[in-house]
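Asks: after the sequence you'll find the predicted model.
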Amino acid sequence: MTMVAGTVNLSNRALVHITGEDAEKFLQAVITTNLDKLGPDELKPGALLAPQGKILFDFLVSRIENGLRFDMPASIASDFIKRMTLYRLRAKAEITQLPESLVSVCWQNDSVPSQDDSIKRDSRFPQELNVLRIYGRADGTSDESAWIRLRAEYGIAEGEADFAYNDVFPHDVNFDQTGGVTFPKGCFVGQEVVSRMQHRGTARRRVLVAKAQSALPAMGTPVKVGEREIGTLGSSADGLGLALVRIDRVKDALDSGTPIMAGDSAITLSLPPHVGFGFPETDTGNA
(Lines give C-alpha, C1' and ligand atoms only; values in the text may rest on other atoms or scores of the structure.)
Protein backbone atom coordinates (compact mmCIF):
# COMPACT_ATOMS: atom_id res chain seq x y z
CA MET A 1 0.00 0.00 0.00
CA THR A 2 1.28 3.45 -0.87
CA MET A 3 0.47 6.11 1.67
CA VAL A 4 -0.40 9.59 0.47
CA ALA A 5 1.16 12.58 2.18
CA GLY A 6 -0.45 13.67 5.41
CA THR A 7 -0.17 16.10 8.31
CA VAL A 8 -1.89 15.36 11.61
CA ASN A 9 -2.13 17.36 14.84
CA LEU A 10 -1.69 14.87 17.69
CA SER A 11 -3.74 15.46 20.83
CA ASN A 12 -3.14 14.18 24.36
CA ARG A 13 0.65 14.24 24.22
CA ALA A 14 2.99 15.61 26.88
CA LEU A 15 6.52 16.90 26.48
CA VAL A 16 9.11 16.48 29.24
CA HIS A 17 12.58 18.06 29.01
CA ILE A 18 15.50 16.58 30.93
CA THR A 19 18.46 18.95 30.78
CA GLY A 20 21.74 19.64 32.50
CA GLU A 21 25.35 18.51 32.44
CA ASP A 22 24.60 15.01 33.80
CA ALA A 23 21.29 14.49 31.99
CA GLU A 24 22.47 12.22 29.20
CA LYS A 25 24.79 10.19 31.41
CA PHE A 26 22.11 9.30 33.95
CA LEU A 27 19.50 8.63 31.25
CA GLN A 28 21.83 6.34 29.31
CA ALA A 29 22.05 4.08 32.37
CA VAL A 30 18.27 3.95 32.90
CA ILE A 31 16.25 3.94 29.64
CA THR A 32 16.28 1.35 26.84
CA THR A 33 17.30 3.76 24.04
CA ASN A 34 20.97 4.03 23.15
CA LEU A 35 21.48 7.79 23.32
CA ASP A 36 25.00 7.45 21.90
CA LYS A 37 23.31 6.54 18.58
CA LEU A 38 20.70 9.33 18.68
CA GLY A 39 21.42 11.83 15.93
CA PRO A 40 20.68 15.56 16.28
CA ASP A 41 17.88 15.55 13.70
CA GLU A 42 16.07 12.33 14.61
CA LEU A 43 13.95 10.83 17.33
CA LYS A 44 13.95 7.27 18.57
CA PRO A 45 11.45 5.24 20.57
CA GLY A 46 12.31 4.12 24.05
CA ALA A 47 10.98 2.92 27.35
CA LEU A 48 11.56 2.90 31.05
CA LEU A 49 11.13 -0.66 32.28
CA ALA A 50 10.27 -2.25 35.58
CA PRO A 51 13.14 -4.29 37.04
CA GLN A 52 11.21 -7.36 35.80
CA GLY A 53 11.61 -6.09 32.23
CA LYS A 54 8.09 -4.91 31.41
CA ILE A 55 7.35 -1.46 29.96
CA LEU A 56 6.22 1.09 32.57
CA PHE A 57 6.50 4.13 30.26
CA ASP A 58 7.12 4.49 26.52
CA PHE A 59 8.19 7.65 24.72
CA LEU A 60 9.91 9.20 21.75
CA VAL A 61 13.21 10.87 22.63
CA SER A 62 15.07 13.58 20.69
CA ARG A 63 17.82 16.09 21.34
CA ILE A 64 17.30 19.69 22.45
CA GLU A 65 19.83 22.26 23.60
CA ASN A 66 21.61 20.95 26.72
CA GLY A 67 19.42 17.88 27.02
CA LEU A 68 16.68 15.65 25.70
CA ARG A 69 12.96 15.91 24.91
CA PHE A 70 10.59 13.09 25.86
CA ASP A 71 7.29 12.92 23.95
CA MET A 72 4.69 10.63 25.57
CA PRO A 73 0.99 10.13 26.30
CA ALA A 74 -0.18 12.95 28.58
CA SER A 75 -1.68 10.50 31.07
CA ILE A 76 1.71 9.04 32.06
CA ALA A 77 3.80 12.22 32.22
CA SER A 78 3.48 13.00 35.92
CA ASP A 79 4.29 9.42 36.97
CA PHE A 80 7.20 9.36 34.52
CA ILE A 81 8.61 12.53 36.10
CA LYS A 82 8.27 11.04 39.60
CA ARG A 83 10.07 7.87 38.57
CA MET A 84 12.86 9.70 36.75
CA THR A 85 13.31 11.99 39.76
CA LEU A 86 14.00 8.89 41.87
CA TYR A 87 16.57 7.60 39.40
CA ARG A 88 18.29 10.97 39.07
CA LEU A 89 19.83 10.73 42.56
CA ARG A 90 22.62 13.34 42.72
CA ALA A 91 22.96 13.84 38.99
CA LYS A 92 22.93 17.46 37.84
CA ALA A 93 19.78 17.34 35.75
CA GLU A 94 16.49 19.21 35.64
CA ILE A 95 13.23 17.44 34.80
CA THR A 96 10.47 19.72 33.51
CA GLN A 97 7.09 19.17 31.87
CA LEU A 98 6.27 21.84 29.30
CA PRO A 99 3.03 23.73 30.05
CA GLU A 100 2.01 23.45 26.39
CA SER A 101 2.50 20.35 24.29
CA LEU A 102 1.88 21.05 20.61
CA VAL A 103 2.87 18.04 18.51
CA SER A 104 2.22 17.37 14.83
CA VAL A 105 3.37 14.61 12.52
CA CYS A 106 3.72 14.67 8.74
CA TRP A 107 4.96 12.27 6.09
CA GLN A 108 5.90 12.39 2.42
CA ASN A 109 5.72 16.18 2.60
CA ASP A 110 8.55 17.97 0.79
CA SER A 111 7.46 21.44 1.94
CA VAL A 112 8.59 21.00 5.55
CA PRO A 113 11.99 22.61 6.28
CA SER A 114 14.61 20.10 7.41
CA GLN A 115 17.01 22.43 9.24
CA ASP A 116 14.81 23.28 12.19
CA ASP A 117 15.46 22.08 15.75
CA SER A 118 11.72 21.69 16.35
CA ILE A 119 11.47 19.10 13.54
CA LYS A 120 12.82 15.57 14.01
CA ARG A 121 12.75 12.55 11.70
CA ASP A 122 10.88 9.58 13.16
CA SER A 123 13.42 6.76 12.83
CA ARG A 124 10.79 4.06 13.44
CA PHE A 125 9.72 4.36 9.80
CA PRO A 126 11.65 3.79 6.55
CA GLN A 127 13.63 6.90 5.67
CA GLU A 128 11.95 7.25 2.28
CA LEU A 129 8.61 7.98 3.98
CA ASN A 130 10.16 11.09 5.57
CA VAL A 131 7.99 10.85 8.70
CA LEU A 132 8.64 14.02 10.71
CA ARG A 133 7.61 15.05 14.21
CA ILE A 134 6.99 18.79 14.53
CA TYR A 135 7.10 20.41 17.98
CA GLY A 136 5.53 23.70 18.99
CA ARG A 137 2.97 23.76 16.15
CA ALA A 138 -0.53 22.34 15.84
CA ASP A 139 -0.45 21.68 12.12
CA GLY A 140 -2.82 19.54 10.10
CA THR A 141 -6.08 17.79 10.79
CA SER A 142 -7.17 16.67 14.25
CA ASP A 143 -8.49 13.43 12.72
CA GLU A 144 -5.76 10.92 13.59
CA SER A 145 -7.08 8.13 11.32
CA ALA A 146 -4.39 8.55 8.67
CA TRP A 147 -1.66 8.47 11.34
CA ILE A 148 -3.13 5.32 12.90
CA ARG A 149 -3.17 3.68 9.47
CA LEU A 150 0.45 4.64 8.83
CA ARG A 151 1.54 3.20 12.18
CA ALA A 152 -0.51 0.07 11.55
CA GLU A 153 0.96 -0.55 8.11
CA TYR A 154 4.48 -0.56 9.59
CA GLY A 155 3.68 -2.35 12.85
CA ILE A 156 4.50 0.67 15.03
CA ALA A 157 2.84 0.18 18.41
CA GLU A 158 2.44 2.88 21.06
CA GLY A 159 1.43 2.70 24.72
CA GLU A 160 -2.21 3.27 25.61
CA ALA A 161 -3.27 2.96 21.97
CA ASP A 162 -1.92 -0.55 21.38
CA PHE A 163 -0.76 -2.09 24.66
CA ALA A 164 -1.18 -1.73 28.42
CA TYR A 165 1.66 -0.58 30.63
CA ASN A 166 3.38 -3.11 32.92
CA ASP A 167 1.98 -5.89 30.71
CA VAL A 168 4.46 -6.22 27.83
CA PHE A 169 8.17 -6.71 27.28
CA PRO A 170 9.93 -4.55 24.65
CA HIS A 171 10.14 -7.51 22.26
CA ASP A 172 6.36 -8.02 22.44
CA VAL A 173 5.76 -4.62 20.86
CA ASN A 174 8.66 -4.77 18.38
CA PHE A 175 10.90 -2.29 20.20
CA ASP A 176 13.85 -4.52 19.31
CA GLN A 177 13.00 -3.89 15.64
CA THR A 178 12.59 -0.10 15.76
CA GLY A 179 15.60 0.97 17.85
CA GLY A 180 13.56 1.25 21.03
CA VAL A 181 15.88 -1.14 22.86
CA THR A 182 19.58 -1.53 22.07
CA PHE A 183 21.51 -4.40 23.63
CA PRO A 184 25.17 -3.50 22.97
CA LYS A 185 24.85 -0.24 24.92
CA GLY A 186 24.95 -1.96 28.32
CA CYS A 187 22.99 -0.97 31.37
CA PHE A 188 19.32 -0.05 31.60
CA VAL A 189 16.64 -0.90 34.13
CA GLY A 190 15.29 -4.39 33.43
CA GLN A 191 18.20 -5.20 31.11
CA GLU A 192 18.92 -8.68 32.49
CA VAL A 193 15.45 -10.06 31.73
CA VAL A 194 15.16 -8.40 28.31
CA SER A 195 18.68 -9.41 27.23
CA ARG A 196 17.87 -13.02 28.16
CA MET A 197 14.83 -12.88 25.88
CA GLN A 198 17.02 -11.51 23.10
CA HIS A 199 19.71 -14.16 23.41
CA ARG A 200 17.29 -17.06 23.75
CA GLY A 201 14.88 -15.84 21.09
CA THR A 202 11.96 -16.49 23.42
CA ALA A 203 9.63 -13.67 22.34
CA ARG A 204 6.33 -15.38 21.47
CA ARG A 205 4.08 -12.33 21.52
CA ARG A 206 4.49 -9.77 18.75
CA VAL A 207 2.63 -6.84 17.23
CA LEU A 208 1.31 -7.78 13.79
CA VAL A 209 -0.64 -5.92 11.11
CA ALA A 210 -4.39 -6.67 11.33
CA LYS A 211 -6.77 -6.23 8.41
CA ALA A 212 -10.51 -6.74 7.93
CA GLN A 213 -13.00 -6.19 5.12
CA SER A 214 -14.79 -3.56 7.24
CA ALA A 215 -14.00 -1.51 10.35
CA LEU A 216 -12.11 -3.46 13.00
CA PRO A 217 -13.66 -3.83 16.47
CA ALA A 218 -12.59 -1.62 19.34
CA MET A 219 -9.16 -1.57 20.91
CA GLY A 220 -8.81 -4.35 23.47
CA THR A 221 -11.12 -6.76 21.64
CA PRO A 222 -9.82 -10.32 22.08
CA VAL A 223 -8.33 -12.02 19.02
CA LYS A 224 -9.43 -15.65 18.95
CA VAL A 225 -8.87 -18.87 17.07
CA GLY A 226 -11.92 -20.97 17.84
CA GLU A 227 -12.49 -20.52 21.57
CA ARG A 228 -8.82 -19.84 22.32
CA GLU A 229 -7.79 -16.23 22.89
CA ILE A 230 -4.43 -15.53 21.25
CA GLY A 231 -4.14 -11.76 21.79
CA THR A 232 -5.88 -8.41 21.59
CA LEU A 233 -6.49 -5.68 19.06
CA GLY A 234 -4.79 -2.31 19.33
CA SER A 235 -5.76 0.88 17.53
CA SER A 236 -7.25 0.77 14.04
CA ALA A 237 -8.81 2.91 11.32
CA ASP A 238 -10.75 1.88 8.23
CA GLY A 239 -10.12 -1.83 8.54
CA LEU A 240 -6.35 -1.57 9.18
CA GLY A 241 -4.89 -1.85 12.65
CA LEU A 242 -2.49 -3.53 15.04
CA ALA A 243 -2.81 -6.69 17.10
CA LEU A 244 -0.64 -7.98 19.94
CA VAL A 245 -0.77 -11.75 19.53
CA ARG A 246 0.96 -15.06 20.13
CA ILE A 247 2.74 -15.66 16.84
CA ASP A 248 2.92 -19.42 17.41
CA ARG A 249 -0.89 -19.53 17.67
CA VAL A 250 -1.21 -17.39 14.55
CA LYS A 251 1.08 -19.80 12.68
CA ASP A 252 -1.03 -22.78 13.80
CA ALA A 253 -4.18 -21.05 12.54
CA LEU A 254 -2.58 -20.18 9.21
CA ASP A 255 -1.31 -23.74 8.75
CA SER A 256 -4.67 -25.29 9.56
CA GLY A 257 -6.77 -22.72 7.71
CA THR A 258 -8.70 -21.88 10.88
CA PRO A 259 -10.30 -18.41 10.82
CA ILE A 260 -8.83 -15.75 13.09
CA MET A 261 -11.58 -13.64 14.64
CA ALA A 262 -11.82 -10.34 16.50
CA GLY A 263 -15.36 -10.07 17.81
CA ASP A 264 -17.58 -10.94 14.86
CA SER A 265 -14.95 -9.89 12.29
CA ALA A 266 -12.70 -12.30 10.42
CA ILE A 267 -9.23 -10.76 10.28
CA THR A 268 -5.93 -11.44 8.57
CA LEU A 269 -2.67 -11.03 10.46
CA SER A 270 0.65 -10.41 8.74
CA LEU A 271 4.21 -9.54 9.63
CA PRO A 272 5.08 -5.84 9.42
CA PRO A 273 7.53 -4.94 6.66
CA HIS A 274 11.25 -4.81 7.44
CA VAL A 275 11.09 -6.84 10.68
CA GLY A 276 13.77 -9.39 11.45
CA PHE A 277 11.49 -12.03 12.95
CA GLY A 278 9.12 -14.52 11.35
CA PHE A 279 6.51 -17.04 12.31
CA PRO A 280 7.96 -20.02 14.22
CA GLU A 281 8.51 -23.20 12.28
CA THR A 282 6.83 -25.33 14.93
CA ASP A 283 4.54 -24.81 17.92
CA THR A 284 6.66 -23.34 20.72
CA GLY A 285 4.43 -24.77 23.44
CA ASN A 286 1.63 -23.70 25.67
CA ALA A 287 1.53 -20.42 27.58
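Replies: Sure thing, it's come through.

Asks: ok, how many other residues are close to Ser236?
Replies: When counting by other C-beta atoms under 10 Å, one arrives at 27 neighbours for Ser236. The way it works is simple: take the backbone N, C-alpha and C, and place the C-beta from them, glycine included.

Asks: was I right to think it contacts Ala215?
Replies: Yes: Ser236 lies in contact with Ala215 (C-beta atoms under 8 Å); the separation is 7.4 Å.

Asks: in the protein, where is pLDDT below threshold?
Replies: Counting by pLDDT under 70, the chain shows low-confidence ranges at 1-3, 111-115, 282-287.

Asks: now the lengthiest helix in it, how far from the centre of its chain.
Replies: When the chain is parsed with DSSP state H, its longest helix is helix 77-88. Distance of helix 77-88 from the chain centroid (C-alpha atoms, centre = their mean, to the nearest Å) equals 20 Å.

Asks: same for that helix, what does it pack against?
Replies: strand 13-19, strand 42-49, strand 55-64, strand 94-97 (3 or more C-beta pairs under 8 Å, 6 or more residues apart in numbering; DSSP states H and E).

Asks: nearest to Asp116, out of those?
Replies: Ranking the helices and strands packed on helix 77-88 by proximity to Asp116 (C-beta to C-beta) places strand 55-64 first, at 12.2 Å.

Asks: paired strands for the following helix or strand past that closest one, with orientation please.
Replies: With elements assigned by DSSP states H and E, the helix or strand that comes after strand 55-64 is strand 67-73. Note on strand 67-73: by DSSP bridges, its sheet partners are strand 13-19 (antiparallel), strand 55-64 (antiparallel).

Asks: pick the most buried one from those.
Replies: Compared across the strands paired with strand 67-73, strand 55-64 shows the largest average neighbour count, a mean of 23 (mean count of other C-beta atoms under 10 Å).

Asks: any idea of the angle the longest helix of the chain forms with strand 42-49?
Replies: Helix 77-88 and strand 42-49 are oriented at 80 degrees to each other (axes from the mean of the first three to the mean of the last three C-alpha atoms, to 10 degrees).

Asks: what ranges do the strands span in the stretch 151-287 of the chain?
Replies: Taking DSSP state E, counting those that start in this stretch as the criterion, the stretch 151-287 of the chain carries its strands at 205-211, 222-225, 228-237, 240-246, 260-262, 265-270.

Asks: nearest to Leu98, out of those strands?
Replies: Nearest to Leu98 among these is strand 228-237 (24.9 Å), distances taken as C-beta to C-beta.

Asks: fine by me, we can end here.
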